[in-house]
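In: Curious how this folds, go ahead:
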Amino acid sequence: MTDVTTLWARQRDAAPLIVLFHGRGSNEREIIGLAQHLPEDCAVVSLRGPIELGPGNYAWFQNQGIGRPIPASLRETMDWFTQWRSQQGEGRKVVLIGFSGGAAFVGGLALDDPSGYAGVAMLYGTVPFAAGVPTLPQRLAGVPVFHAQATNDDVMPKDLMARTWRYLNEESGATLEATLTNAGHALTEDALTKLAAWVQNLP
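Out: Take a look at the predicted model:
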C-alpha cells in the first residue's frame, strides 16, 4: 500500500488541506462534489480507498460487519494514510471529512492521533469501536468534531450509531457540533450548510 490515488479539487501550496474520504463501495469521484461547499482558500483533495472491492468500488478497511473494522486492516490503512499525509500535509492544518465507511476511517485516525488534525467530520458513519484504537473517555478532548447522522438511516447499524452519538456527545470530550437529519443515508442541504460553516470557523 504505497500508491495513493488522489483527485484534487483545489491545490493550494501551504494552505489548509481538507481531505475527503468516500464510503465503502464508492470511490474518490463520488465525494469530490463536496469541495464546492468548502472554503475557497483551502486545498481540497479526495482519496481513493486502497482496498478494491470490485470495478470502481473501494474501501478503507476490511470489516466484520457494517461499521465494524477488522483491527489489523484498519491499522494498515491508517499507517498508509499517515505516510501520505507526512508528504502532503507537512506544516499545514489538515481537516478530515469522511462519509459512511470513510467516517469510521477518519474517526479511527482522530482517535489514534487526537492532536494531529485541525478538525474531523464524521458524516453518517460510526466511531470504530473495538477496532484497535482507543475509545476511552476524553480521548478527543478539545478536538473539533462535526458529526451528522440520520434518525432513519437504513444502512448503518442502529446500535452502533446510537453508541457513536452517545460517545461523541457525552464521553469523548470533543468540541462537538452534531446534527440529526431524517433523509436516510444521505447528506442533506442543511447538513452541508452546517458542515461548511463548521469548516469555515475552525481555529
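In: Quick check: which ranges of the chain have low pLDDT?
Out: Scanning the chain with the threshold set as pLDDT under 70 gives 1-2, 89.
In: ok, longest helix in it?
Out: With DSSP state H applied, the helix covering the greatest number of residues in the chain is identified as helix 71-88.
In: all helices for this structure, in order.
Out: With DSSP H as the criterion, the chain has helices spanning 71-88, 101-112, 158-166, 189-200.
In: Deepest-packed of those, please.
Out: Sort the helices of the chain by mean neighbour count, taking mean count of other C-beta atoms under 10 Å, and helix 101-112 sits at the top with a mean of 27. Placement of C-beta: from N, CA and C, glycine included.
In: Which residues are in contact with Leu180?
Out: Applying C-beta atoms under 8 Å, 6 or more residues apart in numbering, one finds that Leu180 lies in contact with 148-151.
In: tell me the strands in the chain, going along the chain?
Out: Secondary structure of the chain (DSSP state E): strands located at 6-10, 17-21, 43-47, 51-54, 57-59, 94-99, 119-123, 144-150, 175-181.
In: okay, those strands in CSV with distance to Ser86 next?
Out: As requested, those are exported to CSV (distance: least, C-beta to C-beta, whole Å):
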stretch, distance to Ser86
strand 6-10, 15
strand 17-21, 12
strand 43-47, 14
strand 51-54, 21
strand 57-59, 22
strand 94-99, 11
strand 119-123, 18
strand 144-150, 22
strand 175-181, 25
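In: what's the closest of the ones you listed to Ala191?
Out: Of all the strands of the chain, it is strand 144-150 that lies closest to Ala191, at 4.6 Å by C-beta to C-beta.
In: thinking again about what came up before, quick one: which of the helices of the chain is nearest Ile31?
Out: When the helices of the chain are compared by C-beta to C-beta, helix 101-112 sits nearest Ile31, at 7.4 Å.
In: Packing partners of that closest one?
Out: In terms of contact count using 3 or more C-beta pairs under 8 Å, 6 or more residues apart in numbering; DSSP states H and E, helix 101-112 is assigned the packing partners strand 17-21, helix 71-88, strand 94-99, strand 119-123.
In: from the middle of its chain, how far away would stretch 111-126 be?
Out: 6 Å (C-alpha atoms, centre = their mean, to the nearest Å).
In: ends of that stretch, how far apart?
Out: Criterion C-alpha to C-alpha, to the nearest Å; first-to-last residue distance in stretch 111-126 is 12 Å.
In: And it, what's buried?
Out: If you call a residue buried by 16 or more other C-beta atoms under 10 Å, then stretch 111-126 has these buried ones: 111-112, 114, 117-126.
In: cool, and stretch 128-147?
Out: When neighbours are counted by 16+ other C-beta under 10 Å, the buried residues of stretch 128-147 are found to be 128-129, 131-133, 135, 139-140, 143-147.
In: From the residues you listed, pick the one nearest Asp41.
Out: Closest to Asp41 out of these is Pro144 (17.7 Å), distances taken as C-beta to C-beta.
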